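Q: Provided below for reference: sequence and predicted model.
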Amino acid sequence: EVFTALVDLEESLETEALLIHTLRNYINAEEQKLDLLRKYVDIYQSQHDRAMEDVTEYISNPINAYTLVKRLTTDWDNVEALMATQVSTDYLNNITFFKETRMFPNNEDLNGAAVALTRLQDTYKLDTSSLARGELNGVKYSAELTAADCFELGRQSYNNGDYYHTLLWMKEAEERVNSEQNQTINYSDILEYLAFSIYKQGDLSLALTLTNKLLEIVPTHSRALGNKIFYESELERMVETKKKKGDDESEDVNVDNDQPEHYQDLYGKDHYEALCRGETYISPQVESKLKCRYLSRNDPFLKLAPFKIEEAHLKPDLYIFHDVMSDAEIETVKRLALPRLQRATVQNSQTGELETAQYRISKSAWLKEHEHKHIADISQRVEDMTGLSMKTAEELQVVNYGIGGHYEPHFDFARRDEMKNAFQTLGTGNRIATVLFYMSDVAQGGATVFPMVGAALWPKKGTAAFWFNLYPSGDGDAQTRHAACPVLAGSKWVSNKWIHEYEQEFRRPCTLERPPEDLTA
Ligand SMILES: O=C(O)CCC(=O)C(=O)O
Ligand SMILES: [Fe+2]
């Protein structure tokens, strides 16, 4: 979803400001035109009224005779010309220009935004009515949805073949429209979608009832008339098959009330979503062993200001480093990434979906002195934190997740079959370890979760997560499979520092120890 990234939405707000300004100017211009026409019509009226007081006297006066003729010729021509003036043309041209030169969401973006919202609804088990009232997990935000907004969410779901969400949102639209003073959508439009998605869910008679209700409101509705005939004949056919079978076996109606496929097909989806909701399942044995400690690596400087480490899981070891990126460094990293983030997107390899905006800060980027220092300091800090060499590490990779932005479960290391293309040619080896800096707090959602071990790491500005992706033998640790949960409220900024195998020989000598079970071969 290209348009869920914060930066895109910011530009969209600027575009909207331009549109509002243009619309206001257009309305003013139309009003000026109407004011002028009003002035003309008033003059006509008063002259005409005067004439009608005494018609004979009026037309026998040569001046009146002249002005009457003039009013009906050149004056009237002016009126007609003014009436015909297309005030809107220039303003419409302006709008076309904005659409061509500025970032402008299209129908695909609207669909993406709707999918993002329904994803949040599923992941965080949000109740439709609460969501429509602007409540997220009991927190009331100012925004609310109108009946028309709910209808549009239903319509987008419908177009995606997702009748499960169509029904949820059309029902909500129905409830909302009944309590709206100025109705934002026609009830009959809602009924039509409602009836068809109910049919898709297998309830023929309810679909027929709703269609009849629709025909009471709009008796000539042609699609509804067609559907009525179809539902009635289907129902009749069902009754006949029932009679033939002579029992009450359930009918083989085209039932389609499951969630769409992509909600089900991913490994451990339920578990992943439960973790995202904060229902962690880390084993009590592991949890009781977790400690917080200071790390100084016998380094005299670090002894003065040791790293504060929190263990989040053991085997695989997941660490949280506290206070390892300053606000100034965060601002630098975001600012360097921002201009490039606007159109950059990440494609999810499993779903092909566009996920988030991301950007790699490159060494060759022209950096100001303090920016250069910040980037170098961050790299040095990662070296101090991990004790690993930065010689083969990748550049800092920046990701911004907007509302609904997420990253499906994945490994950071390359599997054996991917290795050749991935990192071998670079001469850096596989990604031995990951340092993930959190560059923002996230109001709700956005955890980094490890479904196979039941750990969830919650973003906190200035902290960093750290783990080894590979066993000392060089084999990938399947348990490090992880995901970024969708952002429910707020915006999430992270940056990754991926550290590679080569050059680590003296820092993390490899052993021949094999993993207990190689799930990734
Ligand atoms: O954003 C996160 O929490 C995780 C990001 C991640 O896994 C990645 O970029 O590889
Ligand atoms: Fe990752």
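A: Received the coordinates, thanks. Ligands and ions are numbered 1, 2, ... in the order given.
Q: contacts, neighbours, all on C-alpha from now
A: Noted.
Q: Please, which helix or strand holds the residue nearest to residue 23 when sequence neighbours are not counted?
A: Excluding the flanking residues, the one nearest residue 23 by Cα to Cα, 6 or more residues apart in numbering is residue 91, at 7.6 Å. Element membership for residue 91 (DSSP states H and E) is helix 88-101.
Q: contacts for that helix?
A: Helix 88-101 is contacted from outside by 15, 19, 22, 23, 26, 30, using Cα atoms under 8 Å, 6 or more residues apart in numbering.
Q: So the last one sits against residue 87, correct?
A: Yes. The pair formed by residue 30 and residue 87 meets the contact definition of Cα atoms under 8 Å, at 6.3 Å.
Q: After the longest helix along the chain, heading C-terminal, what element do we hit next?
A: As assigned by DSSP state H, the longest helix anywhere in the chain is helix 6-53. Moving toward the C-terminus from helix 6-53, the next helix or strand (DSSP H and E) is helix 55-60.
Q: Need the contact partners of that next one.
A: 50, 51, 52, 64, 65.
Q: which strands and helices sit next to the next helix-or-strand element following it?
A: Next along the chain after helix 55-60, taking DSSP H and E as the criterion, comes helix 62-70. Packing contacts for helix 62-70, counted by 3 or more Cα pairs under 8 Å, 6 or more residues apart in numbering; DSSP states H and E, involve helix 55-60.
Q: need the helix or strand of this structure with the lowest average pLDDT.
A: One helix or strand of the chain scores below all others by mean pLDDT, DSSP states H and E: strand 357-360, with a mean of 70.
Q: Check what pLDDT residue 72 gets.
A: Here, the pLDDT recorded for residue 72 equals 94.
Q: Make residue 1 into 56 and carry on from there
A: With 56 as the first residue, the last one maps to residue 127.
Q: before we move on, the earlier item: same question for the longest helix of the chain, mean pLDDT?
A: Taken as a whole, helix 61-108 has an average pLDDT of 93.
Q: before we move on, the earlier item: just the pLDDT for the residue nearest to residue 78.
A: 96.
Q: swap in residue 309?
A: 50.
Q: Tell me which residue in the stretch 356-505 of the chain sits closest to ligand 1.
A: Nearest to ligand 1 in the stretch 356-505 of the chain, going by Cα to the nearest ligand atom, is residue 503, at a distance of 4.0 Å.
Q: what's the distance between that residue and residue 356?
A: To residue 356, residue 503 is 31 Å away according to Cα to Cα, to the nearest Å.
Q: now swap in residue 174 and tell me
A: Using Cα to Cα, residue 174 is found at 47 Å from residue 356.
Q: Looking at the two, which one has more neighbours?
A: Each of residue 174 and residue 356 has its neighbours counted (other Cα atoms under 10 Å); residue 174 has more, 19 against 10.
Q: tell me the contacts of the more buried one?
A: Counting by Cα under 8 Å, 6+ apart, residue 174 makes contact with residue 459.
Q: now do the one 5 residues further on
A: The contact partners of residue 179, taken as Cα under 8 Å, 6+ apart, are 328, 331, 332.
Q: Find the helix or strand that the first one is a member of.
A: Taking DSSP H and E as the criterion, the element that holds residue 328 is helix 324-331.
Q: and that helix, C-alpha only, in CSV?
A: Extracted C-alpha coordinates of helix 324-331, given in CSV (Å, rounded to 0.1, in the frame of the first residue of the first chain):
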residue,chain,number,x,y,z
LYS,A,324,-0.9,-16.9,10.9
ASP,A,325,-3.1,-17.2,14.1
HIS,A,326,-0.1,-17.4,16.3
TYR,A,327,1.6,-14.5,14.6
GLU,A,328,-1.6,-12.4,15.0
ALA,A,329,-1.9,-13.4,18.7
LEU,A,330,1.6,-12.2,19.3
CYS,A,331,0.8,-9.0,17.6
